[in-house]
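A.B. asks: everything below, folded, please.
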Amino acid sequence: MSRLLLLKLASRYKNLWLFPIVLVFFVSAMVSLVQLNQSINILDSRYGTSVWSLFQLKVELRRFYDTLSIYRADPSEFDEVSNRFDILWSRFPVLMKGEDAAQLSKIEGATAQIESIFNLIRSLEPVVLEQLPDQPEKAAMLQKALSPHIAAIDQLALGNYHYNNAFFNRSDNTVSQLQKQLVWLMFGLIISGLLLLLMVLRENRINRYQAEHDSLTHLPNRAFLRGKLTELCEKKQPFALHLIDLNGFKDVNDTLGHHTGDVLLQAVSARLLEHIDHEHGCITCRLGGDEFAILQPRYRHSKDLQAIGQAIIQALEEEFLVESHPCFIGGSIGSVVYPDHGRDASRLLTHADIAMYKAKESAPESTLMTFDYSMDAQINRRQQLHKDLRDALEHGKLTLEYQPIIGFENNCVEYFEALLRWHHPVYGHIAPPEVIEVAEQYGLAHPLGCWVIEQTCRQIQQWQEQGLQPLPVSVNISPAMYRLDLVATINNALDNCGLRKGLLWIEVTEDTTMHSIKEANEMLPRLQEQGVMIALDDFGTGLSSFSHLQQLSIQTLKIDRSFIKDIVDNPTSSSLVNNIIAIGHDLGMKVVAEGIENQAAADILQQYGCDLGQGYLYSRPLHADLVPDFCHTYPAPAAGINTTHRGVC
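C.D. replies: Sure thing, here's the model as predicted:
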């Protein structure tokens, strides 16, 4: 924390240091220009100043050369490069015209050398002004081109120094003083330039720290973790990685506010540092939100993995006191080991993430789960099913089969249940619950539900055109359909096929309805008003209670097949079924028994007063073309169909 504090203080007071340094640099440069101008005036007014002009040219070449060095280290100094280039350029008119030119012409090779340098400077102008701002690396090329000319001018000036002896003898110490001052000014320029360079380097260091650390908890972040994982992978030594998702954090955030949530995250970070990093030599990182990662560099065997996992769980399950609020959270932990579960950072993070979500799904309390390649296969299967389900919807690769529901009293088909069928080219038959789960997860539930409703209505229309009296068909709706205008969807489908209301029914499951009880209480009565009969499917396996049954607009109760299969041999199952039938009747509902496979079970159900039956005893799910023939095997009652389950065959 002391390092972080120093960085913070340095960042806070950087402007206080930057201003005087820049001021010294600017003043030194400006005074240097003024004094240089004074020196030039003195040299212009005295005999023999030609050699001094050569020295000045050498100085400006050297200054321009040095400025290029500074610019290579700090690309923000281009203005100084441009300034030095302009000053260097301004020297040549003095040397090539007027009195100085005349004096220099007396020195052998001076005029040719100056013209050669000027031609070079003129040829470099496009590079300096146009290319150098975007390509700092060009500075090295410029320095290479300037070096021989700087040496030549230096040699030329020194070789003809005697021309200037008379000047020193006649002049006072003005030029000498100016030169001394220029030395000090150059010293100031160099020192301030170095300080500016150090500040740039320090700023880069701060920026790098901020880029690799979380601003809230000051823990290393995802970028740091990826870099560290890559570094450890290159060493090819075993290590472990644990990804943590906090359980219950969202509840704290929603109830106590985001500020309290942030304080809790800081408390979690501090506890992990204390109990995991300091005690076990690990590295804790925050990846974002309520997700953390712990890198375990020292790993020998699976006991080390379990030890760290249990230490994490123990650290998180202890009470957190956040602003006088006691908070209890836990963690779902997904762990991987290098190289068993991956040989690069991306693979390890992906597999740890899969294991973490498997841990979260397995139990609501804190859980540690180590990655297994079967998890990856499940994820790949789910992603493949998602892609192929979208394709199946677009290209008509899904089908519906229809299973009859038989009335015990008249032994007639009362209605059909539409059952979704998908034969996958790789995985074979995909069970409808898995299809619904994939559709819900990847946002395909709405188009899938609409397809089932529309396809069912078209099939009823086709049966009518074949001369079959209209039979209601029930369809199962997914949880996503609760959030849509299901009434309008059903009515539109019926209208498009020219069907009357009441021919399409829906079935809802216990769990879906209980989880969406508010939406169900708003939607189901509206459906009932439109003549849509509603059945509660798989009753007895979910979350519903008798109080909920009273609240919901449900006309039919379907007893789950798990109760029916043992009704003949298990007195407990038989008694439960009898009571469910009685309760359904007391609530004014029709009762359907699912999964009837033998006549003995059918006889018991009829004895208990069950209204309807469904199962292999009567028929397996049928292809649509087989439905008319099946209906002809049952005698048709004289009365037509109505919405109280009076059947027609």
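A.B. asks: which residues does stretch 250-262 contact?
C.D. replies: The list of residues contacting stretch 250-262 from outside it, by Cβ atoms under 8 Å, 6 or more residues apart in numbering, reads L216, F249, L264, D290, V322, E323, H325, C327, I329. Any C-beta I mention is one placed from the backbone N, CA and C, and that applies to glycine too.
A.B. asks: what about dumping the CA coordinates of it to CSV?
C.D. replies: The C-alpha trace of stretch 250-262 is given here as CSV (Å, rounded to 0.1, in the frame of the first residue of the first chain):
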residue,chain,number,x,y,z
LYS,A,250,-26.6,-8.7,-6.0
ASP,A,251,-29.0,-8.8,-3.1
VAL,A,252,-26.7,-6.5,-1.1
ASN,A,253,-26.4,-4.1,-4.0
ASP,A,254,-30.1,-4.0,-4.7
THR,A,255,-31.2,-3.6,-1.0
LEU,A,256,-28.4,-1.5,0.5
GLY,A,257,-27.3,0.4,-2.6
HIS,A,258,-24.2,0.5,-4.9
HIS,A,259,-22.1,2.4,-2.4
THR,A,260,-22.5,-0.3,0.2
GLY,A,261,-21.8,-2.9,-2.5
ASP,A,262,-18.5,-1.1,-3.3
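A.B. asks: if you count neighbours, what's buried in that stretch?
C.D. replies: Of the residues in stretch 250-262, those with enough neighbours to count as buried (16 or more other Cβ atoms under 10 Å) are V252, N253, L256, T260, G261.
A.B. asks: repeat for stretch 323-333
C.D. replies: The neighbour-count check on stretch 323-333 (16+ other Cβ under 10 Å) flags C327, I329, G330, G331, S332, I333 as buried.
A.B. asks: save the buried residues of stretch 250-262 as CSV, and put in distance to H424, pLDDT and secondary structure too.
C.D. replies: As requested, the buried residues of stretch 250-262 are exported to CSV (distance: Cβ to Cβ, whole Å; pLDDT from 0 to 100; DSSP: H, G, I helix; E, B strand; the rest coil):
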residue, distance to H424, pLDDT, secondary structure
V252, 42, 84, helix
N253, 40, 80, helix
L256, 46, 83, helix
T260, 47, 87, helix
G261, 43, 87, helix
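A.B. asks: make CSV out of these and add distance to D611.
C.D. replies: What follows is the buried residues of stretch 250-262, written out as CSV (distance: Cβ to Cβ, whole Å):
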residue, distance to D611
V252, 49
N253, 49
L256, 51
T260, 54
G261, 52
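A.B. asks: and the biggest helix by length in the chain, what does it pack onto?
C.D. replies: Ranked by residue count, the top helix of the chain under DSSP state H comes out as helix 174-211. Here helix 174-211 is seen to pack against helix 2-12, helix 14-44, helix 49-73 when contacts are counted using 3 or more Cβ pairs under 8 Å, 6 or more residues apart in numbering; DSSP states H and E.
A.B. asks: let me know the average pLDDT across the second one.
C.D. replies: In this model, helix 14-44 has an average pLDDT of 65.
A.B. asks: re the thing from before, chain center to the longest helix of the chain: distance?
C.D. replies: Relative to the mean C-alpha coordinate of its chain, helix 174-211 is positioned 44 Å out (Cα atoms, centre = their mean, to the nearest Å).
A.B. asks: beyond that helix, next helix or strand please.
C.D. replies: Beyond helix 174-211 in the direction of the C-terminus, DSSP states H and E gives the next helix or strand as helix 222-235.
A.B. asks: which residues sit against that following helix?
C.D. replies: Where contact means Cβ under 8 Å, 6+ apart, the residues beyond helix 222-235 that reach it are 211-213, 220, 239, 241, 283, 285, 287-288, 293, 295, 297, 338, 343-345, 348-349.
A.B. asks: and M186, what pLDDT?
C.D. replies: Reported pLDDT at M186 in the predicted model: 72.
A.B. asks: again, but for the one 3 residues further on
C.D. replies: Per-residue confidence for L189 comes out at a pLDDT of 70.
A.B. asks: then the one 10 residues further on?
C.D. replies: At M199 the predicted local confidence, pLDDT, stands at 73.
A.B. asks: compute the number of surrounding residues for it.
C.D. replies: The local packing count at M199 equals 17, with neighbours defined by other Cβ atoms under 10 Å.
A.B. asks: so that it lines up with my notes, have the first residue be 487 from now on.
C.D. replies: Understood, numbering begins at 487; the last thing we discussed is M685.
A.B. asks: quick check on the contacts of helix 708-721: which are buried?
C.D. replies: Going by neighbour count (16+ other Cβ under 10 Å), the contacts of helix 708-721 have 698-699, 706, 725, 727, 769, 771, 773, 779, 781, 824, 831, 834-835 buried.
A.B. asks: identify the farthest-apart pair in those residues.
C.D. replies: With Cβ to Cβ as the measure, no two of these lie farther apart than H699 and Y824, at 23.6 Å.
A.B. asks: nearest residue to the spatially most central residue of the chain in space, please, no chain neighbours.
C.D. replies: The centroid of the chain falls nearest to G774 when counting by Cα atoms, centre = their mean (9.5 Å). Of all residues not flanking G774 in the chain, R708 sits nearest, at 6.8 Å (Cβ to Cβ, 6 or more residues apart in numbering).
A.B. asks: next: L610.
C.D. replies: Once flanking residues are discounted, L610 sits nearest to L628: 6.1 Å by Cβ to Cβ, 6+ apart.
A.B. asks: helices or strands up against the helix or strand where the one you found lies?
C.D. replies: Secondary structure assigned from DSSP H and E places L628 in helix 624-645. For helix 624-645, the packing partners by 3+ Cβ pairs under 8 Å, 6+ apart come out as helix 535-559, helix 596-612.
A.B. asks: those helices: which one's closest to A801?
C.D. replies: Taking Cβ to Cβ as the criterion, A801 comes closest to helix 535-559 out of those, the separation being 46.5 Å.
A.B. asks: now the angle from that closest one to helix 624-645?
C.D. replies: For helix 535-559 and helix 624-645, the angle between their directions (axes from the mean of the first three to the mean of the last three Cα atoms, to 10 degrees) works out to 160 degrees.
A.B. asks: quick check: buried residues in helix 535-559?
C.D. replies: By neighbour count on 16+ other Cβ under 10 Å, the buried set for helix 535-559 is 535-554, 556-558.
A.B. asks: one more: stretch 890-903?
C.D. replies: Buried positions in stretch 890-903, judged by neighbour count with 16+ other Cβ under 10 Å: P890, I891, I892, G893, F894, N896, C898, V899, E900, Y901, F902, E903.
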